[in-house]
Each structure stands twice: as structure tokens, then as C-alpha cells.
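Chemist: Provided below for reference: sequence and predicted model.
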Amino acid sequence: MNQLRATRVCLFDAYGTLFDVHSAVACLRPRMDQQADQLSALWRQKQLEYTWLRSLMQDYVDFEVVTADALDYALERFPQPDSAALRGALLDAYTTLSAYAEVAGTLATLKSRGWRTGILSNGTQCWLDAAVDGSALRDVLDDIVTVESLRCFKPTPSVYQLGCDRMGVDASEVCFLSSNAWDVAGAAQFGYRSVWINRAGQPAERLGAQAVTQISTLDQLPDLLPTLDTA
């Protein structure tokens, strides 16, 4: 835990970390068949793959397009009753994904202890604003940092540098939180003090750089961090 003592800012990934990426399908489950969970898992898988591949191809499109393309793939693999109408409803639901139950309380605790908090995400500003406001998180976040200005996705190092630039700190002063092990590795390689929120109890990725520690839910974070002087 000593590696976290020098940090002054907590930056959070958004999708899968603060917001449940499967809540879009969950809220529309009555309109879907028995393959709903498989569709949701494939949608997320292809969404991530497309961000990595488009970065490698240097062919950026924004996260909303990536998400729609991934959904189209998943709907073709797992067709649903009235897929055409469901597609629009799922994309609408994605704009206001549900925050995990412990998120608001954890962010409020960090703020009360003097921490600056922000989001560092592949998402668009429009979608991130909608998710933050939909879960009433605006008052417990200092900034929302999106990759849109860079036109590339994580784990490209320039994305993590953007987080430093926006928060006005060095990489070693950032505690970075993500539920995505590949994102944790990318951030750690860049120099962030990364904490992996391993909600599903997955094995660690073999990517060299490792998290400082891992936790199973976000509300375990405040006990790992010192209380900062707010005077």
C-alpha cells in the first residue's frame, strides 16, 4: 500500500468500473430471448476489440460508433425478437448505464478526505455526461476526461498523459482505478499507481506491468488511501 501514499488524484475508468456495461441489456431483458446474457457479453467483447483494432489501424471513430458497430455484430450473432427496434432501445439505454451500488458513496468519501477525483474514459463527452448526471455523480467528480481530442483509445500512452495534463499532476501522483485488467496494465506501464477492481475474480493478465493491488468492489478503496490534508 506504500505505493499509494504519494498519490493525490484518483482517476477512474468509466465503463465496467463506475458504470455497469450489462445494465443496458438488463433493463430491456423482458423484450429479449434466452440469449440476452450472451449478447451482452459479446457486445462488450467486440466493443473493446474494436477500440484496440481501430487504434492500431489509426482509423479512429468515436466510442458511440464503436459501440453501435459492436452491437450490430452481437445482434447478428444472437438475433432477438424485433432486433431493429431493440437496437435503438439498447443504444439509448447505454447512454445512462446504471452506476454500481457503491460508487456514489465511495466517491463522496474520497472527496471528504481531500482527494481530487475524475473519469478517464474512451467514451464521448456526451455519453459520459449523460451517465454521470443520470447517476447523480456530478458533485463528487472534479473532471471528466475523454479521449475524443486525441482520436485514439486506451491503452495508448497519450491517453494516460492526457489524464495527467488535465489534473495537473505527474503520473506517480495518480491512483488509477479500472475493472479492466488490460487498462490497469496500460496505466501501470505508463506510470500510474493502478488498482484493479477485480469484480469477477479473474486471473491477472500477462502483460508485464501489474496493479499495485486489487480489490473486489470500489468501496474497499478508501481504506487503502491516506486522508489528505485539505487545509
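Modeler: Noted; the coordinates are in hand.
Chemist: CA atoms for contacts and neighbours, from now on please.
Modeler: Fine.
Chemist: What are the boundaries of the strands in this structure?
Modeler: 9-12, 116-121, 143-146, 174-178, 193-197, 213-215 (DSSP state E).
Chemist: Dump those into TSV; add mean pLDDT as well.
Modeler: Compiled in TSV, the strands of the chain are given as follows (pLDDT from 0 to 100):
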stretch	mean pLDDT
strand 9-12	97
strand 116-121	98
strand 143-146	98
strand 174-178	97
strand 193-197	97
strand 213-215	96
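Chemist: Turn these into JSON lines, including distance to residue 224 and mean neighbour count.
Modeler: Below are these laid out as JSON lines (distance: least, Cα to Cα, whole Å; neighbours: other Cα atoms under 10 Å):
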{"stretch": "strand 9-12", "distance to residue 224": "12", "mean neighbour count": "25"}
{"stretch": "strand 116-121", "distance to residue 224": "15", "mean neighbour count": "23"}
{"stretch": "strand 143-146", "distance to residue 224": "22", "mean neighbour count": "21"}
{"stretch": "strand 174-178", "distance to residue 224": "11", "mean neighbour count": "28"}
{"stretch": "strand 193-197", "distance to residue 224": "10", "mean neighbour count": "27"}
{"stretch": "strand 213-215", "distance to residue 224": "9", "mean neighbour count": "17"}
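Chemist: With distance to residue 72 added, can I get the ones you listed in CSV?
Modeler: As requested, the strands of the chain are exported to CSV (distance: least, Cα to Cα, whole Å):
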stretch, distance to residue 72
strand 9-12, 28
strand 116-121, 22
strand 143-146, 24
strand 174-178, 26
strand 193-197, 29
strand 213-215, 33
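Chemist: Out of those, which is closest to residue 73?
Modeler: The closest of the strands of the chain to residue 73 is strand 116-121. By Cα to Cα, the value is 22.8 Å.
Chemist: helices and strands around that closest one, which ones?
Modeler: When contacts are defined as 3 or more Cα pairs under 8 Å, 6 or more residues apart in numbering; DSSP states H and E, strand 116-121 sits against strand 9-12, helix 103-112, strand 143-146.
Chemist: can you list the domains in this structure?
Modeler: Using automatic domain parsing, the domain ranges for the chain come out as 2-19+97-224, 23-94.
Chemist: Please identify the most buried of those domains.
Modeler: Ranked by mean neighbour count, those are led by domain 2-19+97-224 with a mean of 19 (mean count of other Cα atoms under 10 Å).
Chemist: what about the top helix by length along the chain, distance to the chain center?
Modeler: When the chain is parsed with DSSP state H, its longest helix is helix 36-57. Distance, stretch centre to chain centre, for helix 36-57: 14 Å (Cα atoms, centre = their mean, to the nearest Å).
Chemist: Report the mean confidence score over that helix.
Modeler: Regarding helix 36-57, the rounded mean pLDDT is 98.
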